[in-house]
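Participant: Need a 3D model of the following:
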Amino acid sequence: MGMITRAYKEFEERVGAIERGCGAKGDRVRAEILKRNLPFSISETEEACPGISRDMVRVVLRAMKAEGLITPTGKGRAAKWEQTGPMP
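Facilitator: Numbering: from 1, shown residues only. This next block holds a predicted model:
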């Protein structure tokens, strides 16, 4: 019974971590994006943030786009992203 209780406790902790957002990895990607002045690609951001998946980079890009901080120029592999105005 103790093992089941521990498993549920660990599950609750993991679900809580997911609900809280990206955490340190998301913050690293966001900081990298904020310091860029020229248009940049997902690949360039990935290279600057080793150990962070392309999916995480895309999550952060979508969030920043929704906040109006960046905008895509183009679509697909050739897409670049650029700042829409002064960064906070």
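
Participant: Quick one: find the helix or strand in the protein with the lowest mean pLDDT.
Facilitator: helix 2-20 (a mean of 68; mean pLDDT, DSSP states H and E).

Participant: And the next helix or strand past that one?
Facilitator: Sequence order places helix 24-34 as the next helix or strand after helix 2-20, per DSSP states H and E.

Participant: What is that following helix packed up against?
Facilitator: For helix 24-34, the elements it packs on are helix 42-48, helix 54-66, judged by 3 or more Cβ pairs under 8 Å, 6 or more residues apart in numbering; DSSP states H and E. Any C-beta I mention is one placed from the backbone N, CA and C, and that applies to glycine too.

Participant: possible to save those as TSV with mean neighbour count and mean pLDDT?
Facilitator: As requested, the helices and strands packed on helix 24-34 are exported to TSV (neighbours: other Cβ atoms under 10 Å; pLDDT from 0 to 100):
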stretch	mean neighbour count	mean pLDDT
helix 42-48	16	92
helix 54-66	16	92
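
Participant: And those helices: which comes nearest residue 77?
Facilitator: Closest approach to residue 77 among those (Cβ to Cβ): helix 42-48, 8.7 Å.
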